[in-house]
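Visitor: Okay, predicted coordinates and the sequence, questions at the end:
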Amino acid sequence: MMLEMLKKMFEAKPEISTIALKEICSDCGCEVNINITPASGGYGLQGGALFECSTDEYYAKCAACYKANPKNNGKKAA
C-alpha cells in the first residue's frame, strides 16, 4: 500500500522531516516536484500526487493532471 511505502521512505531517513521527490508526470511528461511531510492522519503531499503501480513502485502526476483526472490510471511514465 502507498502508506506503507511512504512510511518506509521516512523510516529509511529518520532525520529528514520532508522528503522532496523529483519525478516525471505520467500523463503529460512534465517535471513534478512533490514534497511529502508526515501528518497526524498520514502524509501531506504538495506539488502533485503519487499513485502505487506495484509493490514498492509508484508513479507521479503533476497538480494540473491530477486535477483533470484524479483517478489512478495504473500507468507509469517511461
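Guide: Thanks, I have the structure now. Numbers count the residues shown, from 1 in each chain.

Visitor: Spatially central residue in this structure, please.
Guide: Centre of the chain computed as the mean C-alpha position; nearest residue by Cα atoms, centre = their mean is L50, 2.8 Å away.

Visitor: so who does the residue lying closest to it once chain neighbours are set aside touch?
Guide: Nearest residue to L50 in three dimensions, chain neighbours excluded: Y58, at 4.9 Å (Cβ to Cβ, 6 or more residues apart in numbering). In this view, the C-beta of every residue, glycine as well, is placed from N, C-alpha and C. For Y58, the contact set (Cβ atoms under 8 Å, 6 or more residues apart in numbering) comprises M2, M5, L50, F51, E52, K76.

Visitor: out of the residues you listed, which are buried?
Guide: By neighbour count, with 16 or more other Cβ atoms under 10 Å, the contacts of Y58 hold L50, F51, E52 as buried.

Visitor: I figured the first one hits C62, correct?
Guide: No - in this structure, L50 is not within contact of C62 by Cβ atoms under 8 Å, at 11.5 Å.

Visitor: distance of the residue nearest to the centre of the chain from A68?
Guide: 17 Å (Cβ to Cβ, to the nearest Å).
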